[in-house]
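S.K.: Sequence and predicted structure below; questions after.
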Amino acid sequence: MVIATLIASDRLDARTIEQACDAIAGVGGVPGAVAWIEPGVAADITVMRADGVAARAALEGLFPGVDVVVQRAEDRRKRMIIADMDSTMITVECIDELADYAGIKAEVAEVTERAMRGELDFEAALDARVALLRGLDVGVIDRCYAERVRVMPGARALVRTMKAAGARAVLVSGGFTVFADRVAAEIGFDLAVSNVLEIEGGMLAGTVRRPIVGAATKRALLVSEAAAGGLELGEVLAVGDGANDIPMIEAAGLGVAYHAKPKTAAAAGARIESGDLSALLYAQGIPRAEWVLG
């Protein structure tokens, strides 16, 4: 048995639930009980005699403004979250915003987009972009954080609610410690792992300290943190948007592509395209009354 969770960015009605049940039946599944997690917003449909892949294929994209998560019922409440930072836990790509202060945002952002789409080698693309920032005054980092970095809607509720239930929260980023450490503290993560921008004489040196945190590091951190906590990989939620997030998304019990690039969306077990990060609380069956806000 699997559970299909429908999560609306606007309004979920009984007619949509009925249509979802029909779609499940159309792939040989037997829709069972329907339970509202949040009336008008999120609902569970139990599905029998159909695997999760078939049920997901039948439902995903069927209803505009409605995200669908299909998963096993027994371990839907996760005991660890591991998340990307840029364009996932925050609304911007920090390297692009730093580049804006140097007057080269368009040039850098184009490379960032291609790297996140998996069209360029991540490490080489990072080196190339950081080299363009050589000589930028280090004071711009604080200014950039204050003026540009904004926490993604739903991020605080997601992380703090899971932590209140005993889950571990890990932020892992191909971005930089000068941002990630502060973002982690602001949202409530237990651990942050990211790259170190090297600084010389109060200016960016144009280099990144080795080893670089990339796709392999993200997956390895997921595995090691789960093992340290005595967790099975099925108890882990991973969320990200770029190609360098794919290995950790594929390794997690619930791997989520959040407003993601096409390759990442194709590799993930679930996609959130309409809602914000609070959708991942509904995906775990947690109603708003149980969220930790603020």
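M.R.: Here it is on my side, so go on. Numbers count the residues shown, from 1 in each chain.

S.K.: where do the helices sit along the stretch 1-150 of the chain?
M.R.: 14-26, 52-59, 94-101, 105-116, 122-131, 139-148 (DSSP state H, counting those that start in this stretch).

S.K.: can I get these in a markdown table with mean pLDDT?
M.R.: Formatted as a markdown table, these follow (pLDDT from 0 to 100):
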| stretch | mean pLDDT |
| --- | --- |
| helix 14-26 | 96 |
| helix 52-59 | 92 |
| helix 94-101 | 97 |
| helix 105-116 | 96 |
| helix 122-131 | 96 |
| helix 139-148 | 98 |
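
S.K.: and among those, the most buried is which?
M.R.: Most buried of the helices of the stretch 1-150 of the chain by mean neighbour count (mean count of other Cβ atoms under 10 Å) is helix 94-101; its value is a mean of 23. Every C-beta, even on glycine, is put in place using the N, C-alpha and C of the backbone.

S.K.: tell me what the helix or strand containing L281 is packed against?
M.R.: Using DSSP states H and E, L281 sits in helix 279-282. Judged by 3 or more Cβ pairs under 8 Å, 6 or more residues apart in numbering; DSSP states H and E, the packing partners of helix 279-282 are strand 2-8, helix 155-164.

S.K.: Go through the ones you listed and pick out the most buried.
M.R.: strand 2-8 (a mean of 23).

S.K.: Adjacent strands (with direction) for that one?
M.R.: strand 42-48 (antiparallel), strand 66-72 (antiparallel) (DSSP bridges).

S.K.: ok and that strand relative to helix 14-26, angle-wise?
M.R.: Calculated by axes from the mean of the first three to the mean of the last three Cα atoms, to 10 degrees, strand 2-8 forms an angle of 150 degrees with helix 14-26.

S.K.: How far away from the center of its chain is strand 2-8?
M.R.: 18 Å (Cα atoms, centre = their mean, to the nearest Å).

S.K.: Check stretch 247-258 too.
M.R.: 9 Å.

S.K.: Regarding it, how distant is the last residue from the first?
M.R.: 15 Å (Cα to Cα, to the nearest Å).

S.K.: picking up where we left off before, list of residues touching the helix holding L281?
M.R.: Here helix 279-282 makes contact (Cβ atoms under 8 Å, 6 or more residues apart in numbering) with 5, 7, 37-38, 41-42, 67, 69, 154, 157-158, 161-162, 237, 239, 256, 272, 288, 291.

S.K.: re the thing from before, please convert the strands paired with strand 2-8 to TSV, extending it with mean neighbour count and distance to E110.
M.R.: Listed next are these as TSV, based on neighbours: other Cβ atoms under 10 Å; distance: least, Cβ to Cβ, whole Å:
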stretch	mean neighbour count	distance to E110
strand 42-48	21	37
strand 66-72	23	29
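
S.K.: Serialize these to TSV and add fields for mean pLDDT and distance to K105.
M.R.: Below are the strands paired with strand 2-8 laid out as TSV (pLDDT from 0 to 100; distance: least, Cβ to Cβ, whole Å):
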stretch	mean pLDDT	distance to K105
strand 42-48	96	37
strand 66-72	96	31
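
S.K.: Turn the ones you listed into a markdown table, including distance to I212.
M.R.: Formatted as a markdown table, the strands paired with strand 2-8 follow (distance: least, Cβ to Cβ, whole Å):
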| stretch | distance to I212 |
| --- | --- |
| strand 42-48 | 38 |
| strand 66-72 | 32 |
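
S.K.: rewinding a little: tell me which of the helices of the stretch 1-150 of the chain lies nearest to T264.
M.R.: The minimum distance between T264 and the helices of the stretch 1-150 of the chain falls on helix 105-116, with 8.1 Å, by Cβ to Cβ.

S.K.: Tabulate the CA atom coordinates of the closest one in PDB.
M.R.: Extracted in PDB, the C-alpha atoms of helix 105-116 (Å, rounded to 0.1, in the frame of the first residue of the first chain):
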ATOM      1  CA  LYS A 105      25.900  39.100 -12.700                       C
ATOM      2  CA  ALA A 106      24.600  38.200 -16.200                       C
ATOM      3  CA  GLU A 107      27.900  36.500 -17.100                       C
ATOM      4  CA  VAL A 108      28.100  34.500 -13.900                       C
ATOM      5  CA  ALA A 109      24.400  33.700 -13.700                       C
ATOM      6  CA  GLU A 110      24.500  32.100 -17.100                       C
ATOM      7  CA  VAL A 111      27.200  29.700 -16.000                       C
ATOM      8  CA  THR A 112      25.300  29.000 -12.800                       C
ATOM      9  CA  GLU A 113      22.200  28.100 -14.700                       C
ATOM     10  CA  ARG A 114      24.100  25.800 -17.000                       C
ATOM     11  CA  ALA A 115      25.900  24.100 -14.100                       C
ATOM     12  CA  MET A 116      22.600  23.600 -12.200                       C
END
